[in-house]
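In: model the following, please.
(chains A and B)
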2 protein chains.
Amino acid sequence: MRKGDTIIFQSPPSVLSFAAVGGKKESEGPLAQQFDQLFPDSRCGEESWEKAECTITRRCLTLALQKANLSAGALDGVFAGDLQFQCTASAYAMRAFDAPYLGLYGACSTMAEGVGLAACLTAGGHMQRAAAMTSSHFCAAERQFRTPLDYGGKRTPTAQWTVTGAGAAILCAGCRPPYVRAVTFGRVRDLDVTDINNMGAAMAPAACETLLRYFADTGESPEAFDAVYTGDLGQIGSTLLQELLQREGLTLPCHRDCGLLIYDCETQDVQAGGSGAGCSASVLCCEVLPALREGRMKRVLFLSTGALMSQTTFLQGESIPGIAHLIELSAEPGLPPKEGL
Amino acid sequence: MRKGDTIIFQSPPSVLSFAAVGGKKESEGPLAQQFDQLFPDSRCGEESWEKAECTITRRCLTLALQKANLSAGALDGVFAGDLQFQCTASAYAMRAFDAPYLGLYGACSTMAEGVGLAACLTAGGHMQRAAAMTSSHFCAAERQFRTPLDYGGKRTPTAQWTVTGAGAAILCAGCRPPYVRAVTFGRVRDLDVTDINNMGAAMAPAACETLLRYFADTGESPEAFDAVYTGDLGQIGSTLLQELLQREGLTLPCHRDCGLLIYDCETQDVQAGGSGAGCSASVLCCEVLPALREGRMKRVLFLSTGALMSQTTFLQGESIPGIAHLIELSAEPGLPPKEGL
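Out: Modelled structure (predicted):
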């Protein structure tokens, strides 16, 4: 069923299995104990950071498959993408999995886009099992989007630290919690932010837009959720999101940003927080999905937020378009009965 | 219904509207008269080739909407991607369309991936109308993947000429021809081709794999189709595809490659043919879909073929993974009755 921009599943698909993999900095952060695997070496034994990212994402999907006792052949589709030029971390990882591959590019919004599409395809009966995965790598991203690491450029207070990590989730027809109850695919929003070191500001308007549409489409209110997660707005973007929502008469009492959960901003020298496609993906798979499965949370909204610029558009003086995709996750397949009814 | 890797629609969705836009070289090729618009200037009045590509793809979706008398607000989703770093031609074009955006990266396989996903989402009732679009630009691609144009590098005989152009198609529940009857999403295949100037060879194994799966899944034979289109294998890749298929006991009597249709290889100095995401997209929208709508063809298979490397993986000595997505298109929503039944 579709209401406005929001797809509401009559028979919500399940997230059958999930895994999260991180790197060294993530192993020093507040969520370290929750990752399925942490690589202490930023090269993961490979000869380049790009290949290391490929190893991380490959390892992550392998773990998600193992946890469900499945082989790659059991997947009817893998929705994946990443931040590397031409999404090569994902494409090259897929050489190791003999399953149909649907390449995505949503920048840091990729995980919610992938889970949303996997939910639609499994709910629609087009795929029996579909995976969504994405990754990022601090060193690979930094030299691609900003400056070579060796240059030692000073980071601004608004900058965010790209997560070295990956998340993978496998969806199927509804059989066990957590369930994907609804999806709102986002629209591009560009409020003319041009600072490549302030991605939170560039993405906040898109997150606001998607949230407003979800609440308008469904008639839900933020109080119905244990938490509303955003991908990687960081400190600046999170504050801006609340400001933008307040202008529309909405507050998020239960807002949590994955970029602020994965690192300790006080002690880890990550400036405004974490970012990268692997940020929301790994937090989804090591924090959000486990809590829903174990019943520690009942119902959450999860948004991945993406900044859609490239180094080329940045150097050509373009502003940064943002996008945010939303998935509604629940420990129950159906809505709880409303009070008083 | 799913058989193996192939999704077969019980109620096949329609391609409601479509448009193709090209550049100067395309205006000199055999299909020139069939494009909806041709830009004589490779900058399209913009200050960079990248922005020109954005203009081309924006123009193309605008035309597809106009031909169906729709506004962008009528679209529940736009599946789009391109070859620029971080798919910026599509993302920046989407600033002009207020509709949900689902970014894809499938390199030159993007059009079939997008049409396939749009078909699943409309057939599944998740979207009422969904668009698929993609583009490429010779000048933007050449300097990004190979060498700056000013360098004047000599092109090898196996090289292909990136199409400057775009295609856009709008899908909805079945109402008029052509119909998308089935989709086979492809698997990554890498036979260790490392020559960035021989993409046809890198992609042929993936095209072979997808075709073999489609025929095995459905029990169909190539003779049932007026034509089997591939995206941009060019001369080298097309020959290799036939060789690979013959090893499996299959011949394609009706094979046509979009990269060989869009240019005259004898006179247009394009080496082994056309390529680029805009190649299969524009040929689909100016040649294949019109013929099906007008009844000049009854049933075709259409594959877009993608080479998933980047300049980074190339310089790091990696081989080139290929992928091919297939859509089955028909002038009729149902199968014709088999002879003798």
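In: grab the nearest non-local neighbour of A:Ser3.
Out: Quick fix: residue A:3 reads Lys, not Ser. The shortest distance from A:Lys3 to any non-neighbouring residue, by C-beta to C-beta, 6 or more residues apart in numbering or on different chains, is to A:Asp217 (4.4 Å). Every residue, glycine included, has its C-beta placed from N, CA and C.
In: wait, I meant A:Phe302
Out: Once flanking residues are discounted, A:Phe302 sits nearest to A:Tyr229: 4.7 Å by C-beta to C-beta, 6+ apart.
In: and the helix or strand where the one you found lies, which residues are buried?
Out: Per DSSP states H and E, A:Tyr229 falls inside strand A:227-230. Under the neighbour-count criterion of 16 or more other C-beta atoms under 10 Å in any protein chain shown, strand A:227-230 has A:Ala227, A:Val228, A:Tyr229, A:Thr230 buried.
In: ok, A:Gly4 touching A:Arg213?
Out: Yes - under the contact definition of C-beta atoms under 8 Å, A:Gly4 touches A:Arg213, with a separation of 6.1 Å.
In: those two - which one has more neighbours?
Out: A:Arg213 (20 against 12; other C-beta atoms under 10 Å in any protein chain shown).
In: can you pull the phi and psi angles for that one?
Out: phi -70, psi -40 (degrees, to the nearest 10).
In: now the closest residue to it other than its chain neighbours: how far from B:Gly73?
Out: Distances taken as C-beta to C-beta, 6+ apart place A:Asp5 nearest to A:Arg213, at 4.8 Å, with adjacent residues excluded. Distance of A:Asp5 to B:Gly73, given as C-beta to C-beta, to the nearest Å: 11 Å.
In: what about the helix or strand where A:Leu289 lies, average pLDDT?
Out: Assigned by DSSP H and E, A:Leu289 belongs to helix A:289-293. Average pLDDT, helix A:289-293: 98.
In: so which elements touch the next helix or strand after that helix?
Out: Next along the chain after helix A:289-293, taking DSSP H and E as the criterion, comes strand A:299-307. Using 3 or more C-beta pairs under 8 Å, 6 or more residues apart in numbering or on different chains; DSSP states H and E as the contact test, the elements touching strand A:299-307 are helix A:110-123, helix A:199-218, strand A:227-230, helix A:277-283, strand A:322-330.
In: now the closest residue to chain B within the stretch 101-250 of chain A. Nearest residue, chain neighbours left out?
Out: Proximity of the stretch 101-250 of chain A to chain B (C-beta to the nearest C-beta) peaks at A:Gly124, 2.9 Å away. Distance criterion C-beta to C-beta, 6+ apart; nearest residue to A:Gly124, sequence neighbours excluded, is B:Gly124 at 2.9 Å.
In: hmm, back to that, neighbour count: A:Asp5 and B:Gly73, which is higher?
Out: A:Asp5 (22 against 10).
In: re the thing from before, would you confirm that the residue nearest to A:Lys3 contacts A:Thr6?
Out: Yes - here A:Asp217 reaches A:Thr6: they are 3.8 Å apart, a contact under C-beta under 8 Å.
In: contacting residues for the one residue sitting closest to the centre of chain A?
Out: In chain A, the residue lying closest to the centroid (C-alpha atoms, centre = their mean) is A:Ser280, at 3.3 Å. By C-beta atoms under 8 Å, 6 or more residues apart in numbering or on different chains, A:Ser280 lies in contact with A:108, A:111-112, A:167, A:229-232, A:258, A:302-305.
In: now do A:Gly274
Out: A:Gln160, A:Trp161, A:Thr162, A:Val163, A:Asp232, A:Gly234, A:Cys258, A:Gly259, A:Leu260, A:Ile262, A:Tyr263.
In: how close does the fifth one sit to A:Gly273?
Out: For A:Asp232, the distance to A:Gly273 equals 7 Å [C-beta to C-beta].
In: what is in contact with these two at once?
Out: Counting by C-beta under 8 Å, 6+ apart, the contacts common to A:Asp232 and A:Gly273 are A:Gln160, A:Gly200, A:Asp257, A:Gly259.
In: mark which of those are part of strands, please.
Out: Among the shared contacts of A:Asp232 and A:Gly273, the members falling in strands (DSSP state E) are A:Asp257.
In: now flag whichever of the shared contacts of A:Asp232 and A:Gly273 is closest to A:Thr134.
Out: Set against A:Thr134, the nearest of the shared contacts of A:Asp232 and A:Gly273 by C-beta to C-beta is A:Gly259 (14.8 Å).
In: and the gap between the spatially closest residue to A:Pro148 that is not a sequence neighbour and A:Ser42?
Out: Nearest residue to A:Pro148, sequence neighbours excluded (C-beta to C-beta, 6+ apart): A:Glu142, at 7.9 Å. Distance of A:Glu142 to A:Ser42, given as C-beta to C-beta: 11 Å.
In: okay, strands next: where are they in the stretch 51-200 of chain A?
Out: A:77-82, A:101-103, A:129-136, A:161-162, A:165-172, A:179-184 (DSSP state E, counting those that start in this stretch).
In: just the mean pLDDT for the fourth one, thanks.
Out: Here strand A:161-162 scores 96 as its mean pLDDT.
In: packing partners of it?
Out: In terms of contacts (3+ C-beta pairs under 8 Å, 6+ apart), strand A:161-162 is packed against helix A:138-145, strand A:274-275.
In: most tightly packed of the ones you listed?
Out: Ranked by mean neighbour count, these are led by strand A:274-275 with a mean of 34 (mean count of other C-beta atoms under 10 Å in any protein chain shown).
In: let me see the mean pLDDT of that one.
Out: 97.
In: what pairs with that strand, parallel or antiparallel?
Out: Taking DSSP bridges as the criterion, strand A:274-275 sits next to strand A:161-162 (parallel) in its sheet.
In: I'd like the distance from the strand it pairs with to the chain centre, please.
Out: For strand A:161-162, the distance from its own C-alpha centre to the chain's C-alpha centre is 14 Å (C-alpha atoms, centre = their mean, to the nearest Å).
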